[in-house]
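Enquirer: dropping the sequence and predicted coords here.
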Number of protein chains: 2
Amino acid sequence: MNQGTDVDIDELREAWWLLSIEDRLAGFRMLDAGAAGEFFSDLDPHDQAALLLALRTQERRTWLRHLAPDDAVDLLQEVDDDERAGLITLLDHATRREVTVLLAYKEDEAGGLMSSRFARLRPDMTIDEAVGYLRRQAVSSVELETFYYIYVLDAAQRLLGVVTFRSLFSVAGSRLVRDIMRDDVVTVHEEMDQEDVARLFAEYDLIALPVVDPDGRMKGIVTVDDIVDVVEEEATEDAHKFGGLEALELPYLRTSVFSLIRKRAGWLIFLFLGGMLTATALGQFEDSIAALSFLTLFIPLIIASGGNSGSQASTLVIRAMAVDEVRLRDWWRVARREVATGVALGAVLGAIGFVRVFFFPGAIAELGQNAVLLMGLTMTISLLGVVLFGTLVGSMLPFLLRRAGLDPASASAPLVATLVDVTGLLIYFFTASYLLREFFGT
Amino acid sequence: MNQGTDVDIDELREAWWLLSIEDRLAGFRMLDAGAAGEFFSDLDPHDQAALLLALRTQERRTWLRHLAPDDAVDLLQEVDDDERAGLITLLDHATRREVTVLLAYKEDEAGGLMSSRFARLRPDMTIDEAVGYLRRQAVSSVELETFYYIYVLDAAQRLLGVVTFRSLFSVAGSRLVRDIMRDDVVTVHEEMDQEDVARLFAEYDLIALPVVDPDGRMKGIVTVDDIVDVVEEEATEDAHKFGGLEALELPYLRTSVFSLIRKRAGWLIFLFLGGMLTATALGQFEDSIAALSFLTLFIPLIIASGGNSGSQASTLVIRAMAVDEVRLRDWWRVARREVATGVALGAVLGAIGFVRVFFFPGAIAELGQNAVLLMGLTMTISLLGVVLFGTLVGSMLPFLLRRAGLDPASASAPLVATLVDVTGLLIYFFTASYLLREFFGT
C-alpha cells in the first residue's frame, strides 16, 4: 500500500480478497471515519471477524458496537468460543443479553431472523393501564421493532394473544386486555426454516409473526421487512442453482474470483464428465457417421432442442414449487400437462426440421430424393422424441429431487440438458439406423 | 356436467379452461357457498369478469362485494367501459369511491399497489388532539391499512411529514404534531414501477411508503406485505425468462395447456431457427468429418461446455442486476472478472478433455499416437476457447440487453447456449483443420 493516507473505499473493496490481514488492517485504518463505518458494515461476517480480531481492544469495542445486534451475532458466529466470550464483554449490557439469546440460533431459521424487542402486555391489565404501560415502554431507551401488534403474555412468558393498536384505540379504557385480544395467533417455532417463514408472510399478508418455543413461550418477533430480504435471497439462491452453479453467499462483485471459480468448477466438471457419455454414445455409431456424414450436421440442433424444452419445463416446475403452487402430490397432473405440451412442441419443431433437411443446399443432388426424404423423417421423429423426453425430464426431475429431500432448483438448465443429450443422440441414431439402413452399406 | 349437485373444487379448476361459459356457470353454481367463495377469489381477473357478467344482477352484487377493493379493480379493468359503469354501482359507497380512484392506475405501478386507507393528521394539532382524532378514526367502520406510520397532511392534502405511534406515545400531550414529525420522508410517485418500489423497501427496511402525485399531494400508501408478493412475482418472471420462455401470467397449474404451449413455442422455434446455423457451420466442415469421423464424437461435449459456462455467467449477472448489486457502469469490472474465471475454468476442462481423448478406447490403435496427441491438443484449445467465449457471452449479454432497454433476464440459458454453439463448432473445427491437416489427406 504505497498510496499515502488517501485510500478509496471502492479500491480497497476491489483489492480486499488479494490482501494479507496486515495489508487489510493498514488499508482499513487509512479510510476516513465515515467510509470506515460503511466499509466495515458491508464486509461479510467472516472478514469482519478477522479484521476485528486484528484490532486493539478499544477499536474492537468501537466497531463491534457499530453493528446492529443481529449483525453482531453473525460476526460472533465466525470466531472461536474463547474469542467470542471476550468480544461479548465489549457490548453494552442490553445488547449483550440480546446477542447471547440470538447466538443460539442458525442464521437461516426463524430464531436467527427474530428480534426480542417487541411490545408486550399482561392479560389482566385494563386498556387504560395498557396504554400507560406502552407509553413508558415507548419512552424507554430501547427501540421497539414494531408497535403494530402488541403481544399478551402470562407470567411464564407464554403467548396468550395479540392486540392491535387499532383495537386499543377503539374500546373503552376500563375493559380488560384479555377481553379484546385475539387468541387465534399464527406463530412460528424457533427452528422453522426462513423459506417457510416467508411463505407464511406471503400467505397471511402479515406485518410481524411471533416466535414461540415448544412450551408456547414467546421468544421474539420476525418482521416483514426482513422477509423481503429473505425472499430475494432465496430467489437468488434458486437462480444460481438453476444456472448450474453453487449458490454464492456474497454479492457477485464482493465474491473473490477464486471463490467464483470454485463455485462454478464443481458443477462444470461434473457436467463435463456426464457429457462424456455423448462421446461414448457417438462412438457406437461411428460407422454410420463415416458412411453418412450428412447425419452429423444435425447433431447440435437435435440435442439443443431437447435441452431447451427441458429447461423450459424445469424452470416452470421449480418456480411453481418455490412459491408453493405445486406440491409433490401434483406430479401426475404436471406429467400429463407436460406430455401434452411436449408432443405439441415436438410436432412443431419436427415439422420445421423436416423442411430444413429437405431443402438443405445440395442434399438432394448429393444423396438423392429418397434418402433426403427418409433423413427428413428421421429428423421429425427424433425432434418429437427428444422434445417430449426433454419436457418430461425437465418437469419430473424437480419432483424426484424434492422426493429425495434435495432442492428442486438443482434441476438446473445445464443438468437437464446434459441428461437429455445422450438420449437425444440415441433416439436420433437409432431412428436413422432403422430408416436409413439401406444407405449405410452394411 | 353429469355429476349431480356435487362438484369438487379441484375438478372444476382442472376442467375450467376446457369449459364453455355456460358450463362454467353451471359448474360454479353447483359448488357449495364456501367453496364458491374460494373458487371465485382464486380465479384470475379475466375469468372472474366473464363469470360475473354471466350472472344475474343480485349474484353479481354478492360476488363483486366478496372481493377486496384492489381485487375488484383488477376485475373491472377486464370489462368494457359500459359494463364497468354498471358494475361499479353495485359496490357500497366507500368502496366505490376507492375503486374509482384506483382504476386510474396500472397494475404493476405504485398506484396500482396502493391503498387509500391510511391514518392522517394535521400539523397544528396537539398530541392530545391527535390521539383523540386517531381514536375516532380507529372506531369508524373503515379498516385502516396500517397504523404504524401516521401521515401529516396540509389542507391541500400535501404530505408534510410522518409521525410514528411510538413518538406519539413518548412526548407530552401539549406539543404540536408539527414539532415531532419527521419531514425527510421517502416517497414514491404514482407511476413508479413495482420493481423499483420493491427495491426501495429492501433498501430502507420500511413497513409502508407514501405515494404522492407530482404536486406532493398524498394519494395512498403501499405496505410491505404487498411487496413480498411483488418480489416473488418478479423473481418468477425472471426465472421464466431465464428458462427460455415467456413469463406466465398465472400460476402454472392454472395456466391452460394451450397457453403453456404458446408461451414456450415462440422461444423454442426462435432458438431452433438460430440453432440451424450449427448445421450450416458443420456443412462447411463435412469433408473433415468424413475424413476423420473421430472428430465428431466430441461435438456435443464441446458445445455443451460452452453453453454450461455461459449459463453460469448469465445467471450470476442477471441476479446481481435484479437486486441492484451490478449496474450498467460495472460492465468492465464484470468483464475482467469473467475473463479470469473463464480462462481458469477452460483450463481445467481442457486438461480433463485432453486425458479423455488420449485414453479414448481404441483411439491410439486406430489413428496412431501422434494423431491422438494432436487431437487431444485440439480438444484442450477448443475447450479453453469455448468456455472463455461462453463466459463472456453469458456475462455481457445481460448488459447489452439492459443497454438496449430490454430485460436482462432474457439472456436465458438456452439463448446463451445457442449463441455459443456455432462459435464453439467454429473454434473446434478451425483448430482441428490447423493441427490435424496432415490427417485429412487433402
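Expert: That came through, no problem. Residues are numbered from 1 along each chain as shown, chains lettered A, B, ... in the order given.
Enquirer: B:L250 is in contact with A:E325, correct?
Expert: No: A:E325 is beyond contact range of B:L250, at 9.6 Å (criterion: Cβ atoms under 8 Å). (Each C-beta comes from the backbone N, C-alpha and C, glycine too.)
Enquirer: which parts of the stretch 151-300 of chain A are helices?
Expert: Using DSSP state H, counting those that start in this stretch, the helices of the stretch 151-300 of chain A run over residues A:165-170, A:177-180, A:194-204, A:224-242, A:257-284, A:286-291, A:299-322.
Enquirer: of these, flag the one that's most buried.
Expert: Mean neighbours per residue, mean count of other Cβ atoms under 10 Å in any protein chain shown, is largest over the helices of the stretch 151-300 of chain A for helix A:299-322, with a mean of 30.
Enquirer: what about A:V393, distance to chain B?
Expert: 14 Å (Cβ to the nearest Cβ, to the nearest Å).
Enquirer: find the nearest non-adjacent residue to the residue nearest the centre of chain A, please.
Expert: What sits nearest the mean C-alpha location of chain A, by Cα atoms, centre = their mean, is A:E237, with 2.3 Å. With Cβ to Cβ, 6 or more residues apart in numbering or on different chains as the criterion, A:E237 has its nearest non-adjacent residue at 4.2 Å, and that residue is A:A247.
Enquirer: so that neighbour sits against A:H240, correct?
Expert: Yes: applying Cβ under 8 Å as the test, A:A247 and A:H240 come out as touching, 4.2 Å apart.
Enquirer: contacting residues for the residue in the stretch 301-442 of chain A that chain B sits nearest to?
Expert: When scored by Cβ to the nearest Cβ, the stretch 301-442 of chain A has A:T315 as its residue closest to chain B, at 2.5 Å. A:T315 sits next to A:F242, A:G394, A:A413, B:A239, B:H240, B:F242, B:G243, B:G244, B:L245 when contact means Cβ atoms under 8 Å, 6 or more residues apart in numbering or on different chains.
Enquirer: surely the last one touches B:A265?
Expert: No: in terms of Cβ under 8 Å, B:L245 does not count as a neighbour of B:A265; the distance is 9.1 Å.
Enquirer: export the helices of the stretch 151-300 of chain A to JSON lines and tack on mean pLDDT?
Expert: Converted to JSON lines, the helices of the stretch 151-300 of chain A look like this (pLDDT from 0 to 100):
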{"stretch": "helix A:165-170", "mean pLDDT": "75"}
{"stretch": "helix A:177-180", "mean pLDDT": "92"}
{"stretch": "helix A:194-204", "mean pLDDT": "84"}
{"stretch": "helix A:224-242", "mean pLDDT": "87"}
{"stretch": "helix A:257-284", "mean pLDDT": "90"}
{"stretch": "helix A:286-291", "mean pLDDT": "82"}
{"stretch": "helix A:299-322", "mean pLDDT": "93"}
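Enquirer: could I get these as TSV with distance to B:D74?
Expert: Output for the helices of the stretch 151-300 of chain A, formatted as TSV (distance: least, Cβ to Cβ, whole Å):
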stretch	distance to B:D74
helix A:165-170	26
helix A:177-180	34
helix A:194-204	18
helix A:224-242	22
helix A:257-284	41
helix A:286-291	57
helix A:299-322	21
